[in-house]
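Chemist: Got a predicted structure plus its sequence, pasted below:
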Amino acid sequence: MKRAIKVKPARVAHFTVTESNVRKAAVRLLGQPLVSPEVQYVQRTLGNSATQAQIDDQILAVRKLPWAKIVHPDSL
């Protein structure tokens, strides 16, 4: 009699999207820090927590966006 092996799905860790976490990831990925409006944009789009892959993708994407989409209208 064979027993079925139960495989648990891989758990993906979520991290808080803090300014320091975003800045550290940007230095790791880009070799340079993000400026404050870029950090704020990443925090606005991701919310309070995200996976490391989501944070990395958003950091790489923010550098390709036009400045008008990054800067929050209230800060002008």
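Modeler: Received the coordinates, thanks.
Chemist: Any regions of the chain where pLDDT drops low?
Modeler: Applying pLDDT under 70 to the predicted model, the residue ranges of the chain that meet it are 1, 75-76.
Chemist: what residue is smack in the middle of it?
Modeler: When the chain is reduced to its mean C-alpha position, the nearest residue by CA atoms, centre = their mean turns out to be Ile55, at 1.6 Å.
Chemist: who's in contact with the closest residue to that one other than its chain neighbours?
Modeler: Of all residues not flanking Ile55 in the chain, Ala25 sits nearest, at 5.4 Å (CB to CB, 6 or more residues apart in numbering). In short, each C-beta sits where N, CA and C put it, glycine included. Residues counted as contacts of Ala25 (CB atoms under 8 Å, 6 or more residues apart in numbering) are Gln52, Ile55, Asp56, Ile59.
Chemist: element containing Ala25, please.
Modeler: Secondary-structure assignment from DSSP states H and E places Ala25 in helix 19-30.
Chemist: buried ones in that helix?
Modeler: Residues of helix 19-30 classed as buried: Asn21, Val22, Arg23, Ala25, Ala26 (neighbour count, 16 or more other CB atoms under 10 Å).
Chemist: and the next helix or strand after that helix with helix 19-30, angle?
Modeler: On the C-terminal side of helix 19-30, the nearest following helix or strand under DSSP H and E is helix 36-46. Helix 36-46 runs at 100 degrees relative to helix 19-30, counting by axes from the mean of the first three to the mean of the last three CA atoms, to 10 degrees.
Chemist: Now the element after helix 36-46, going C-ward?
Modeler: Following helix 36-46 toward the C-terminus (DSSP H and E): strand 49-51.
Chemist: in that next one, what's buried?
Modeler: Going through strand 49-51 with 16+ other CB under 10 Å, the ones that come out buried are Ala50.
Chemist: List the contacts of whichever helix or strand comes after that strand.
Modeler: In the C-terminal direction, the helix or strand that comes right after strand 49-51 (DSSP H and E) is helix 52-62. For helix 52-62, the external contacting residues (CB under 8 Å, 6+ apart) are 12-13, 15, 17, 21-22, 25-26, 29-30, 34, 38, 41-42, 45-46, 50, 70.
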